[in-house]
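> From the sequence below, what's the structure:
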Amino acid sequence: MPGLSSIWNSCDMTGPQSEPSPPAEPAEAEELARLAETMDEPAGTLAAAWASGQDATLPVPATQLRVLFVVERHGSINLSGLAGELGALLSSASRLCDRLEAAGLLARVPGRDRRAVELRLSRDGELLLSRLRERRRRELARVLAQMTPAARTALLTGLLHFHTAATRDQRTGDRPVGMSRPA
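Down below sits the predicted model:
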């Protein structure tokens, strides 16, 4: 199988398939509904394989894990930005951060303005996410090894296009704030 970076580079993510589409006609809407129904079980299987790397030994629940992923993606973020990205109340985001800080996974770092506080992953938070990714990737590789190279390439190509479509705001082409990449 070609390397993933060569597959990624060969996928034209800016071409016509990636452009937002006008609303579907009734016949197309029915076809899309059938396709979504057909994809439901395989997508659930993919999600289960991906999630199996996240076992019960993780010290934090999924909601707190999502906070860690958002902070990691930004490098540092303030509480308002985090709450906006999570679609949560400021007080709820603050309580999540309190728990993560108490667990040693998140650090609150004073900014230049004493009122501004930046959230960053602690070293333990970075290690936790790294171990989680390693386990997820091992499980995915185990399943991918049972597929043909052509099927792996087709899956990756389809997922890359799905990711682009799912994270683009249909009106502006921008990525919506609430659609964050988990890992």
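> show me where the protein has strands.
Taking DSSP state E as the test, the strands found in the chain are 77-78, 106-110, 117-121.
> among the ones you listed, which is the most enclosed?
Across the strands of the chain, averaging neighbours per residue (mean count of other Cβ atoms under 10 Å) puts strand 117-121 on top, at a mean of 19. For the C-beta atoms, the positions are set from N, CA and C on the backbone; glycine is no exception.
> could I get the strands of the chain as JSON lines with mean pLDDT and distance to Ala166?
Formatted as JSON lines, these follow (pLDDT from 0 to 100; distance: least, Cβ to Cβ, whole Å):
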{"stretch": "strand 77-78", "mean pLDDT": "94", "distance to Ala166": "22"}
{"stretch": "strand 106-110", "mean pLDDT": "93", "distance to Ala166": "27"}
{"stretch": "strand 117-121", "mean pLDDT": "94", "distance to Ala166": "25"}
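> Those strands: which one's closest to Glu41?
strand 117-121 (35.2 Å; Cβ to Cβ).
> then that closest one to PDB, C-alphas only?
Taking C-alpha atoms only, strand 117-121 is exported to PDB below (Å, rounded to 0.1, in the frame of the first residue of the first chain):
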ATOM      1  CA  VAL A 117      -5.500  32.700  31.900                       C
ATOM      2  CA  GLU A 118      -4.300  30.300  29.300                       C
ATOM      3  CA  LEU A 119      -5.100  26.600  29.400                       C
ATOM      4  CA  ARG A 120      -2.300  24.200  28.400                       C
ATOM      5  CA  LEU A 121      -1.700  20.500  28.600                       C
END
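> Tell me which strands it pairs with, and in which orientation.
Note on strand 117-121: by DSSP bridges, its sheet partners are strand 77-78 (antiparallel), strand 106-110 (antiparallel).
> buried residues in the lengthiest helix in the chain?
Longest helix in the chain by number of residues (criterion: DSSP state H): helix 26-51. Using 16 or more other Cβ atoms under 10 Å as the test for burial, helix 26-51 gives Trp50.
> and if you look at stretch 133-146?
For stretch 133-146, a neighbour-count test (16+ other Cβ under 10 Å) marks 135-136, 139, 144 as buried.
> So which residues make contact with stretch 33-49?
139-140, 143 (Cβ atoms under 8 Å, 6 or more residues apart in numbering).
> hmm, 6 Å instead?
Applying Cβ atoms under 6 Å, 6 or more residues apart in numbering, the external contacts of stretch 33-49 come out as 139, 143.
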